[in-house]
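K.L.:
here is my input, please return the structure:
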Amino acid sequence: SLALSGRRGAALTQYETCRDILSDELGVEPGGDTTKLYEQIRDGSFSRGAEKRWGRGGVAGSPGPLSGIPAAEPPSFLDEDVTLDVDPPVFVARERELAQLDRFLDGALAGRGRVVFVTGEAGGGKTALMEAFVRRAQDLHADLVAASGSCSAYTGMGDPYSPFRQILGLLTGDVEARWAAGVITAEHARRLWRMLPLTVHALAEHGPDLVDTFVLRQPLLRRATLYETAAGRAGAPDSAPGWERWLDRLRDVVGHRPIGGGLLGTQQVAIFAQYARVVQGLALHAPLVLVLDDLQWADAGSINLLFNLGRQLAGSRVLILGAYRPEEVALGRAGERHPLDPVVNEFRRLFGDICVDLGQAEKRDFVKAFLDSEPNRLGPSFREMLYRQTDGLPLFTIELLRGLQERGDLAQDAEGCWVEGATLDWERLPARVEAVFAERMGRLPTPLQAVLRVASVEGEVFTSEV
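P.N.:
Residues are numbered from 1 along each chain as shown. Below you'll find the model as predicted:
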C-alpha cells in the first residue's frame with residue numbers, strides 16, 4: 001500500500017526493517033514473494049496489478065520517519081543541515097586490519113587500482129570492518145565515493161549480477177532507501193547522488209547495454225530528471241560534463257533501445273567491457289571504493305565480472321573490496337570447485353598479498369577492547385569465561401553480552417558501571433548465534449550430524465575409543 005500511494009522510500013525502508021528483524025531474530029531471509037515485491041518496487045516496475053499477488057502476506061508497520069519524499073522535490077539528504085544520521089556501532093580492536101586497508105587505498109588513490117579480499121568465518125566482523133573503513137576513508141578524503149552490493153544466501157545464483165546491479169544503482173542516485181534505513185549517512189548519500197550525471201554520461205558513452213541489464217531505464221530517467229530540476233534551481237554543478245547535453249544524451253540512448261534490451265542481445269564479454277569502461281570513466285572524476293559482501297553466495301556471472309573488472313584496474317583510482325567466508329568456498333559448489341577460488345588465486349598472482357584475514361586477529365584483544373568500550377567492573381574470571389564461550393568472535397561476543405544485559409545477568413551499578421548479577425546463565429544462546437550454528441550444521445550430511453550430536457555430549461576432550 002505504501003508503494004501504491006507513491007511512498008516508494010517508505011516501502012523500501014519497511015522491507016529493509018523486515019529483513020533485518022528476520023535475520024536478527026530467526027536467522028532467515030524474507031520469502032521469495034516478498035523479495036520479488038521489493039525488487040519490483042526498487043526497480044520501479046511495481047503497479048496496482050501487483051497488489052493482488054501480494055494479498056495479505058505483507059508485514060504491518062509504520063512508515064519510517066524519512067519516508068514519502070515527493071517525486072517532484074529533491075531528496076531530503078541534499079539538505080546540508082540534515083542531522084538524522086544514526087551513530088555508528090562500536091568498532092574496536094581492528095587497527096592492524098584497518099591499516100592494511102589504508103595501504104591498499106593509498107595505492108588505489110595513486111592509480112594502482114586493485115581487488116582486495118576480507119576473509120573470516122561467519123560472525124567474524126568482515127562487514128563491520130569494511131563499513132568502518134569506508135566511513136573513515138570518506139572522512140579523510142572529501143572526494144571519495146563508495147558504493148556497495150551484497151550477495152544473498154536466499155537468492156544466490158538465481159539473482160544474476162546482483163551486487164554489481166546494486167552498485168550501479170547507487171552510482172545512479174538510487175540511495176533514498178539505504179539512507180532512510182540508516183545504512184549510509186546523509187553525506188555518503190550526497191556523494192552518491194552527485195555522481196548521477198557523471199554516471200549517466202558514462203553509461204551513454206561507454207555502457208548503453210547496461211541499461212535494462214544493470215539499471216532499469218524508467219527509474220533512471222526519473223532520477224535524472226529530478227536531478228536536473230533540483231540542479232536547475234541551485235545552478236549546474238561544475239562536475240557535470242556537458243551539463244546541457246547529458247540528460248538529452250540519456251534520453252537518446254534509452255529511446256533507441258528496445259524494452260528488455262541489454263544482456264539478451266549482447267555477448268557477456270561486451271557487457272563486462274562496458275561495465276569496466278563505465279567504472280574507469282567515473283574514476284577519472286572521483287576515486288571509488290566498491291564493496292562486494294558475501295561473495296561466497298555470488299552467482300557465476302558476478303564472479304566472472306569481478307575477474308574481468310579486476311584485471312583492468314591498472315591506472316585507475318578504484319579499490320574493490322570483496323568479503324567472503326573461506327570455509328564456505330572450501331566446500332565447493334554442486335560437487336565442484338567454488339568459482340571464486342581460482343579468481344582469488346589469480347588476483348594473488350597479479351597483485352601479491354591482497355587478503356585481510358580476520359581469522360588471524362587476536363581475539364582476546366577484541367573481547368577486552370569491546371568490554372572496555374563501556375565502564376565496567378567485570379573481572380578476569382568473567383572475561384575468560386566470555387572468551388571461552390565465544391572464542392572471541394565479534395558477533396557471538398556482542399550478542400552474548402547483549403543477552404546477559406537483557407536478562408539482568410549483567411547490571412549497572414550506581415556509578416553506571418556494568419557488574420555481574422547474582423547469577424550468570426551462560427547456557428542460553430542469543431537467536432543470532434543459534435541461527436549461525438543451525439545454518440552451518442544444517443548443511444552437513446546426516447552421518448556427520450549424528451557424529452556432531454555425540455561430540456556435543458562428549459565435549460572438546462574425549463578418549464580415542466570414543
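
K.L.:
which residues in this protein form strands?
P.N.:
Under the criterion DSSP state E, strands of the chain are mapped to 114-119, 145-150, 288-293, 318-324, 355-357, 410-412, 418-420.

K.L.:
strand partners of the third one, parallel vs antiparallel please.
P.N.:
By that I understand strand 288-293. strand 145-150 (parallel), strand 318-324 (parallel) (DSSP bridges).

K.L.:
just give me how far it sits from the chain centre.
P.N.:
From the chain centre to the centre of strand 288-293 is a distance of 8 Å (C-alpha atoms, centre = their mean, to the nearest Å).

K.L.:
next one: the fourth one
P.N.:
When distances are taken as C-alpha atoms, centre = their mean, strand 318-324 is centred 11 Å away from the chain's centroid.

K.L.:
taking strand 114-119 as reference, get the angle to it.
P.N.:
Between strand 318-324 and strand 114-119, the angle comes out at 20 degrees (axes from the mean of the first three to the mean of the last three C-alpha atoms, to 10 degrees).

K.L.:
let me see the mean pLDDT of strand 318-324.
P.N.:
What strand 318-324 shows for mean pLDDT is 96.

K.L.:
residue 393: which of the strands paired with strand 288-293 is closest?
P.N.:
With distances scored as C-beta to C-beta, the stretch of the strands paired with strand 288-293 nearest to residue 393 is strand 318-324 (15.3 Å). Bear in mind the C-beta positions are built from the backbone N, C-alpha and C, glycine included.

K.L.:
pLDDT below threshold where in the protein?
P.N.:
1-14, 16-28, 33, 42-93, 155-158, 231-247, 253-266, 360-361 (pLDDT under 70).

K.L.:
ok, 50 please
P.N.:
Low-confidence segments of the chain, defined by pLDDT under 50: 1-2, 4-7, 47-74, 84, 236-241, 243, 259-265.

K.L.:
for the strands of the chain, give me JSON lines that also has mean neighbour count and distance to residue 307.
P.N.:
Listed next are the strands of the chain as JSON lines, based on neighbours: other C-beta atoms under 10 Å; distance: least, C-beta to C-beta, whole Å:
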{"stretch": "strand 114-119", "mean neighbour count": "23", "distance to residue 307": "9"}
{"stretch": "strand 145-150", "mean neighbour count": "22", "distance to residue 307": "16"}
{"stretch": "strand 288-293", "mean neighbour count": "24", "distance to residue 307": "12"}
{"stretch": "strand 318-324", "mean neighbour count": "25", "distance to residue 307": "11"}
{"stretch": "strand 355-357", "mean neighbour count": "19", "distance to residue 307": "16"}
{"stretch": "strand 410-412", "mean neighbour count": "15", "distance to residue 307": "47"}
{"stretch": "strand 418-420", "mean neighbour count": "16", "distance to residue 307": "48"}
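
K.L.:
would you turn these into TSV with distance to residue 398?
P.N.:
Putting the strands of the chain into TSV (distance: least, C-beta to C-beta, whole Å) gives the following:
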stretch	distance to residue 398
strand 114-119	18
strand 145-150	20
strand 288-293	18
strand 318-324	18
strand 355-357	20
strand 410-412	13
strand 418-420	14
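
K.L.:
among the strands paired with strand 288-293, single out whichever gets nearest to residue 130.
P.N.:
Closest among the strands paired with strand 288-293, using C-beta to C-beta: strand 318-324, at 5.6 Å.

K.L.:
contact partners of the closest one?
P.N.:
For strand 318-324, the surrounding residues in contact (C-beta atoms under 8 Å, 6 or more residues apart in numbering) are 101, 104-105, 108, 113-120, 126-127, 130, 133, 279-280, 283, 287-296, 306, 309-310, 313, 340.

K.L.:
can you check stretch 412-425 too?
P.N.:
374-378, 382, 385, 404-405, 407-411.

K.L.:
taking the residues you listed one by one, which sit in helices?
P.N.:
382, 385, 404-405, 407 (DSSP state H).

K.L.:
quick one: which of those is most hemmed in?
P.N.:
residue 404 (22 neighbours; other C-beta atoms under 10 Å).

K.L.:
the spatially closest residue to that one that is not a sequence neighbour bridge partners, please.
P.N.:
Distance criterion C-beta to C-beta, 6 or more residues apart in numbering; nearest residue to residue 404, sequence neighbours excluded, is residue 410 at 4.5 Å. Beta bridges link residue 410 to residue 420, judged by DSSP bridges.

K.L.:
just to check, residue 410 is in contact with residue 402?
P.N.:
No. Applying C-beta atoms under 8 Å, one finds residue 410 not in contact with residue 402, separated by 9.5 Å.

K.L.:
about what we covered before: of the contacts of stretch 412-425, which is the nearest to residue 31?
P.N.:
residue 407 (31.1 Å).

K.L.:
apart from its neighbours in sequence, what residue is nearest the closest one?
P.N.:
That would be residue 425: by C-beta to C-beta, 6+ apart, it lies 6.8 Å from residue 407.

K.L.:
neighbours around the one you found, how many?
P.N.:
Using other C-beta under 10 Å: residue 425 sits among 10 other residues.

K.L.:
if we can go back for a sec, which one of the ones in helices among the contacts of stretch 412-425 is nearest residue 15?
P.N.:
Of those, the one sitting nearest to residue 15 (C-beta to C-beta) turns out to be residue 405, at 29.2 Å.

K.L.:
how close does that closest one sit to residue 117?
P.N.:
Going from residue 405 to residue 117 by C-beta to C-beta, to the nearest Å gives 34 Å.

K.L.:
that older thread, which residues are in contact with the residue nearest to residue 404?
P.N.:
For residue 410, the contacting residues are 378, 401, 404, 418-421, by C-beta under 8 Å, 6+ apart.
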